[in-house]
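Student: need coordinates for the following:
(chains A and B)
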Amino acid sequence: MAKTRQKPDLLQGTLDLLILRALQWGPQHGHGIGVALRASSDEVLRIDHGSLYPALHRLERQDWVQAEWRVTENKQRAKYYRLTAAGRRQLAIERTRWSRLSAAIARVLGPA
Amino acid sequence: MLRARIRALIRVVSFPARADRELDDELRFHLAEEARDHMERGQSEADATRAARRALGNLARVREETRAVWVSTRLEQLFQDLRFGLRILTKSSAVSATAIVLIALVIGGNTTVFSIAHGILRKPAPGVHADDLATVSWVTADGNVQSHNSYRAHLHFLEHSATVRPLAAVDFQRLTLTQDNGSFAVKATLVSSNYFETLRANLVKGRGFNADDVRLDSSGVLVIGYHVWQNTFHGAEDVVGRTVSLNGRPATVVGVVETRFRGAWLAELADVWVPLAPERSWLQPNHPSDAVSMIGRRAPGTSLAEAQAELTTLWTQLQRTQPELNQKLKVRLVSYSATAGGDSLVATNGDRMLAIFSVVTLLTIAIVCANVANLLIARAVVRQRELALRQSLGASRFRVVRGLLAEGLVLSAVAWCAACLFAWWVSRVVIRFIAPPSREPLTLPDLTPDWTVVGYALGLALLCTIAVTVGPALYTGRQQLLPFLKLGEQGVVQARSKLSRALVVLQLAFSVLLLTSAGLAYRSVSFEDGFNLGFDSRNILLATVNTAGSTHDPAGDDTLLETLRARLQQLPGVQTVSYVRGVRTSSWLGFPVRAGRSVEPVLAAQNFVGAGYFETLRVTFPAGHDFDALNTSARRTAIITQDLAATLWPGERAVGKILIAGAADRPLRAEVVGVVGNAYFGGRGSATHPRYVFFSNHEQPRSPGETTFLIRHNAPEETVARGVAKALREADPLVALASLRSLDDHLAGEIAPLWMLTRLLLFFAGASLLIAGIGQYAVVSFEGRRRTREFGLRIALGASPEQLIASVLSEGVRWTAAGLVLGFALSVGVAILLTRVLFGVTPTDPPTYVSVFALLSGVSLAACYLPARRAARTDPVIALRTE
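Tutor: Numbering: from 1, shown residues only, chains lettered A, B, ... in the order given. The predicted structure is shown next:
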């Protein structure tokens, strides 16, 4: 089945890392995650909302996040995602991998 | 992770609607939030909603991608495929039902036959623990198999073999058991002392045999069967220790075996067991040979081949040291089954029977799979547009084929369940169906299916799945997409399938082959059944007695038989009485006879008969006369059939000549006193010429044993039978009556196995005809439906219904003709191979071929006519409007 991402400018697998990271501050619904990512990256990363949901569901299947239905401050039903213990571990792993990768890329590019 | 997957799987599989609804809720919330953000930034509600939608992208696509996450594992996809397969099946339920019935029939039928073959060839006799048991058999120089060989071989193997132990020796004998309430003919198995231990048979009372029992000077002992304990001893608790008389000698009951145990072989069910002493001193002083059969258990971890190799070495050693042993025999170790005793049909021909069975199985499976594949291809054609659409939307061909596979799998699974039930039911009914027409109680092996059989059915089901899927899959996989997409719903199916027509022709040909084979077999057996044996077999009662309990020497036996004959002769309703020493076909065969001067012997069947034998059978004497009742052993006389007389003395008068009978080293000279008309006295069997030689039992009395009285009567059989049993009991209570039946029943019993095989073959042929008929009907009716528009058009243009019927029929007839031609060619080929086993019919027997032609054409025309008539009734308005 199609696994193409809408935003090729986001590195493969990075979205998962970002979502996990965003959830570290506490349970959040899909829209909230999108807003948080945009805000924390100073509006640089514009996450395509369409790719957010398949990613969230994938993380849920892998048991890294857990979902539950809650009522928001505006009295609306929303699906909140929360990091699990496994998700926290995964975040740590992904983070290490990411810093190693970015350091490596920085070294290759070298001082201009 | 696994837990979450299972949870997701359960959710998706069991509540697909709910999962979808939740996703919708989630996305709707997202859109609302996003719109709210935009409105807070001052946009109008309409603009904000549009902006939110734009940000999310194609809503359907997001949904689809998210759902794909749910069902990403193979298992889930399989579920999806299966659900898809099930949906297709229920969508065109008539086709599915036909397919399921067909597959269930073929799997069920084959499983039944397999379960019978498995029961006959592989299962142990009741009460025997079969693991590692093996039977020793002997192969002669000319390839025949025999079960018995010298007792010395047994002793040698017993002493030296490391691979087969324990090894028991067995022989069979009819004995007369006498106790207070009368004499009984019993089947005795003579066994070595380790017999019960070897078979691991259990005793419910007393003990088995020990080394003391087989010693020469020991007194007689016996172990009795459970049914003998219940019937003859009325279940007496103190039966162990009682003394009875066996063939007139005292013997003590030492044990009773468990309920079901009747010995290792179904062909020789035992009533009692007695020790087998090498010299057999107390039981039968005059036993002519010391031959025994052997059955043993392979030592743990020894293969059949290793054990075979060791026995061969041991046997060669023994042959070298003891030249008087048969130097040409070879030893062969066979895996034990209840029917594979030594020289039994199964032991000698089991492999061949299995081979024939497998071929028939494969043939019927091929027919049915061809049929089902045809149905599925027919449906695949209808679905061409749907499948083309799916492919154009991006489904890979592999995915489409997988859908078809799932469809076949669902089909076979349902059929498999039906087939197992069917096989279980049929195996209980079929025994009655194939049972030979005889009044004697049958000893058939346990035929109910076990796990091996269920597994076999599963194997067949998988085979069917693959067979019925490959055709349609190939068909679909190859197709061009564009033409189908361009065409309308009705116009799709213009292409005709060469494959499906080829399959129809093939299955018609297979049916022809099976029908002609069955027809030839039926004709052959009917000829054999209705064959004029040359004597009058009606109104003759056979009473087999065992005289060994009453008398112990040949002279006494002769006197006793004559007394019994005289007694029976006086019964009301009895016309003539005589007797013959052996009545079974096997008692008659292979006896070399020479004319006085010739050296080349002629093989003839021989027997010893009492006075009035030929009169009782109503056979005339073209020359000479019957035995002289007063003649004593001073002068030996013989009576031969015309055929034998003409062979020994062509063109001469046989009466008065001397014939030399028996082996060259022990010749028996006898004067021919009579020549009787040609008759097959021993039943037709495998004899090709009525060559018989008879000696007078009075002139050459034999040791006491089994003798059969032939009683010609003119009163009802039941009455005479009761009178005979009573008269024998009164004349001598020590004479045991072994069996009482009519000569016609006896003769029918001799060819019963042939009937059984023929009926099975007819059953298969009938089923295959039915299947071929259904198949052709399905394909023709599908073709008719496909051409609905064309028919409508032709009717609208003025074609008559007859013309339409003719056009559909002519196509069907072409297939039928092709099937018949191919089938007849195959049949003649197969029949020529079978010439040797056919009796009275040629491989090209016209009546068989004409009937098969008529039958198949009839069925096939009916299968074409019904859909043709429906096509002719097409309403042009409706047909044209469907476009």
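
Student: quick one: low-confidence parts of chain A?
Tutor: Across chain A, residues meeting the criterion (pLDDT under 70) sit at A:1-13, A:112.

Student: and the gap between the closest residue to chain A within chain B and A:Arg46?
Tutor: Closest approach between chain B and chain A, counting by Cβ to the nearest Cβ: B:Gly57, at 3.5 Å. For every residue, glycine as well, the C-beta is placed using N, CA and C. In this structure, B:Gly57 and A:Arg46 are separated by 13 Å, where distance is defined by Cβ to Cβ, to the nearest Å.

Student: repeat that for B:Gln230.
Tutor: Distance from B:Gln230 to A:Arg46, counting by Cβ to Cβ: 94 Å.

Student: quick one: the helices in the stretch 51-200 of chain B?
Tutor: With helices called from DSSP state H, counting those that start in this stretch, the stretch 51-200 of chain B shows them at B:59-70, B:74-91, B:93-121, B:151-160, B:195-199.

Student: roughly how far does B:Leu318 sit from B:Val331?
Tutor: Using Cβ to Cβ, B:Leu318 is found at 10 Å from B:Val331.

Student: now swap in B:Gly255 and tell me
Tutor: Using Cβ to Cβ, which is the criterion applied here, B:Gly255 is 32 Å from B:Val331.

Student: show me the contacts for B:Arg298.
Tutor: Contact analysis of B:Arg298 by Cβ atoms under 8 Å, 6 or more residues apart in numbering or on different chains lists B:Asp132, B:Leu133, B:Ala134, B:Thr163, B:Val164, B:Leu304, B:Ala307.

Student: hmm, the fourth one is touching B:Gly301, no?
Tutor: No: under the criterion of Cβ atoms under 8 Å, B:Thr163 is not in contact with B:Gly301, lying 9.6 Å apart.

Student: the more surrounded of those two?
Tutor: Looking at B:Thr163 and B:Gly301 with other Cβ atoms under 10 Å in any protein chain shown, you find the greater number of neighbours at B:Thr163, namely 22 against 8.

Student: setting the sequence-adjacent residues aside, check what's closest to that one.
Tutor: With Cβ to Cβ, 6 or more residues apart in numbering or on different chains as the measure, B:Ala307 is the residue that lies nearest to B:Thr163, at 4.0 Å, once sequence neighbours are left out.

Student: the one you found reaches B:Val164, doesn't it?
Tutor: Yes: B:Ala307 sits in contact with B:Val164 when judged by Cβ under 8 Å, with a separation of 5.1 Å.

Student: give me every residue that touches B:Leu59.
Tutor: Counting by Cβ under 8 Å, 6+ apart, B:Leu59 touches B:Leu27, B:Arg53.

Student: is it true that B:Ala264 lies in a helix?
Tutor: No: under DSSP: H, G, I helix; E, B strand; the rest coil, B:Ala264 sits outside any helix and is assigned coil.

Student: pLDDT at it, what is it?
Tutor: B:Ala264 carries a pLDDT score of 83 in this model.

Student: swap in B:Ala267?
Tutor: 69.

Student: can you list the helices of the stretch 51-200 of chain B in CSV and add mean pLDDT and distance to B:Phe184?
Tutor: Written out in CSV, the entries for the helices of the stretch 51-200 of chain B read as follows (pLDDT from 0 to 100; distance: least, Cβ to Cβ, whole Å):
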stretch, mean pLDDT, distance to B:Phe184
helix B:59-70, 78, 77
helix B:74-91, 70, 62
helix B:93-121, 74, 30
helix B:151-160, 86, 28
helix B:195-199, 90, 22
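
Student: make a markdown table from these and add distance to B:Val470 to it.
Tutor: Conversion of the helices of the stretch 51-200 of chain B to a markdown table gives the following (distance: least, Cβ to Cβ, whole Å):
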| stretch | distance to B:Val470 |
| --- | --- |
| helix B:59-70 | 29 |
| helix B:74-91 | 16 |
| helix B:93-121 | 15 |
| helix B:151-160 | 53 |
| helix B:195-199 | 48 |
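
Student: which residues touch the nearest residue to B:Arg63 once chain neighbours are set aside?
Tutor: Nearest residue to B:Arg63, sequence neighbours excluded (Cβ to Cβ, 6+ apart): B:Leu23, at 6.2 Å. Going by Cβ under 8 Å, 6+ apart, B:Leu23 touches A:Tyr53, B:Arg63, B:Thr66, B:Arg67.

Student: likewise for A:Val65?
Tutor: A:Ile19, A:Leu20, A:Leu23, A:Leu56, A:Leu59, A:Tyr81, A:Arg82, A:Leu83, A:Thr84, A:Gly87.

Student: go on, B:Ile88?
Tutor: B:Ile88 sits in contact with B:Gly403, B:Glu407, where contact means Cβ under 8 Å, 6+ apart.

Student: B:Pro323 versus that one, what's the distance?
Tutor: Counting by Cβ to Cβ, the separation of B:Ile88 from B:Pro323 is 76 Å.

Student: which parts of chain A sit against chain B?
Tutor: Residues of chain A lying near chain B by Cβ under 8 Å from any Cβ of the partner chain: A:1-3, A:6, A:29-32, A:35, A:48-51, A:53-54, A:57-58, A:60-63, A:76-79, A:86.

Student: filter the residues you listed to the buried ones?
Tutor: Buried positions within these, assessed by neighbour count (16 or more other Cβ atoms under 10 Å in any protein chain shown), are A:6, A:29-32, A:35, A:48-51, A:53-54, A:57-58, A:60-63, A:78-79.

Student: mind checking which of the helices of the stretch 51-200 of chain B is nearest B:Asp47?
Tutor: For B:Asp47, the closest of these is helix B:59-70, at 18.0 Å, according to Cβ to Cβ.
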